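1. With the sequence up front, the predicted model follows.
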Amino acid sequence: MDLDVYVTAHRAEWERLDHLLRRGGKLTGAEADELVALYQRTATHLSIVQSSTPDPLLTARLTQLVARARATVTGTRRSSWRDAVRFLTAGFPAAVYRSRRWWIPTAVLSTLLAALIGWWIGTHPEVQAAIGASTDLREMTRPGGQYETYYSSHPAASFAAQVWTNNAQAAAMCLVLGAFLGIPVLWILFLNMLNLGVGIGLMSSAGRLDVFLGLVLPHGLLELTAVFVAAGTGLRLGWTVVDPGPRTRRAALAEQGRSAVGMAIGLALVLFVSGLLEGFVTPSGLPTWARITLGIAAELAFLAYVYVLGGRAARAGDTGDLEEPDRSATLPTAA
C-alpha cells in the first residue's frame, strides 16, 4: 500500500473528525451521527495502517484521534456500588465457572501429588531423616508440638491478617505470572503441595494424621480451592500465549488479563474468609467435627456460589471481563 496515497485519500475525513471533536457537545443530530461514522472509519484506517505499513507518526496521530473519538462517543462512566454488586454476583463467579476446566484438573492432580509426597515421606524413614533430625521431628509432631501450636501461637486477628496477606500474594502471583507460559505457576503450586505433603507424611509417621487433618481441613478446603482457582486461571492465561484461538494474541491476552485482575480481587475476598477460619476457628476449642463441619460448609457455599450464580451468569454471556464501555477499543483486523 502506498502510504502517501492512502493519507491523501483519507486526510479530509480525519480533519473533519478532529473538527467535530473540537466542537465538543455543540453538535447537531446529523453531526453527531457523522462523528460516529467517522470514528468507525478512522478506527479501520488505523488498523490498516498498523498491519500494512506501520508509520510511527501516523499511527500515533490516528491512535490519539480514535481515543478522543471513542471517549466522546461512549462518554465517561463512574464506578458505583452497582458495579461492585455486579462483579460479586455475576462477573467474578462467571470467571471462576468458565475456567473450571482448568482449575478442577489442577485441584485433582495437585491433591494427588500432595498425597503421594505424604505417603512417600510417611513410609520412608530415610526421607524423614533427610528432612531433619529425629529429635526435631518428634518435637514438631508430638502432642502440643509445633504443628498444633502453629495456629494458636499468635493473636487470632493478627494471625488471620498475616495468613490472608500471604495467601492473597501467592494467588496474585499465580495469576500474574501465568503469562510466562504458566511455568512459574507450576513451581508455586509444587511448593504449596510439597509443604502440605511434608505435614501429611510427618504427622502420619507419628500416628497423628487425624490431628493434622483436623487442623488443616477447617480452613484448608477453601484456602486450597482459591489457590487452585488462581493456578488454573494462571495456566489458562499461559496457554492463551501459545494458542489465542480465533482472536489476535494481543486481544486474547487483553481479555484474559482483565479477567485475571478481577479474579485476583475476588479471590482475595475468598482468602479473607479462609483467613478468618484459620485465625479463629482452627485454633478454637470447638470439637474437631464442628471445626471440620464449618470448613466443609464454607467450601460448599463457595462451590454453590460459583456453580449457581456463576453458571447462570456465564450462560447469559458474562465472561468476567470488564463491561464494554470500560474496555479498550477493539479495532477491526485488516484482511
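-> Nice, thanks for sending it over.
2. pLDDT weak spots in this protein?
-> For the chain, the stretches with pLDDT under 70 are 1, 24-25, 54, 74-80, 153-154, 159, 321-335.
3. Domains in it, by residue range?
-> Domains of the chain are assigned by automatic domain parsing as 3-74, 81-326.
4. mind putting those in CSV, mean neighbour count included?
-> Where you see a C-beta, it was placed from the backbone N, CA and C, and this is true even at glycine. Formatted as CSV, the domains of the chain follow (neighbours: other C-beta atoms under 10 Å):
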stretch, mean neighbour count
domain 3-74, 14
domain 81-326, 18
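5. just checking, what packs against the helix or strand hosting Ala170?
-> Assessed by DSSP states H and E, Ala170 sits inside helix 156-176. Applying 3 or more C-beta pairs under 8 Å, 6 or more residues apart in numbering; DSSP states H and E, one finds that helix 156-176 contacts helix 183-205, helix 209-242, helix 249-276.
6. So what touches it?
-> Contact with helix 156-176 is made by 151, 153-154, 184-185, 188-189, 192, 223, 226-227, 229-231, 233-234, 237, 260-261, 263-264, 267-268, 271-272, 274-276, 278-280, 283, as judged by C-beta atoms under 8 Å, 6 or more residues apart in numbering.
7. From Gly320, how far off is the nearest residue to Gly245 once chain neighbours are set aside?
-> Excluding the flanking residues, the one nearest Gly245 by C-beta to C-beta, 6 or more residues apart in numbering is Ala252, at 6.2 Å. According to C-beta to C-beta, to the nearest Å, Ala252 and Gly320 sit 14 Å apart.
8. so Trp103, which of the three states?
-> Using DSSP: H, G, I helix; E, B strand; the rest coil, the structure places Trp103 in helix.
9. ok, it to Gly214 distance?
-> The value you get for Trp103 to Gly214, if C-beta to C-beta is used, is 26 Å.
10. again with Ala179
-> 39 Å.
11. Give me the packing partners of the helix or strand where Asp136 lies, helices and strands only.
-> Element membership for Asp136 (DSSP H and E) is helix 134-141. Here helix 134-141 touches helix 125-131, helix 146-149, helix 183-205, going by 3+ C-beta pairs under 8 Å, 6+ apart.
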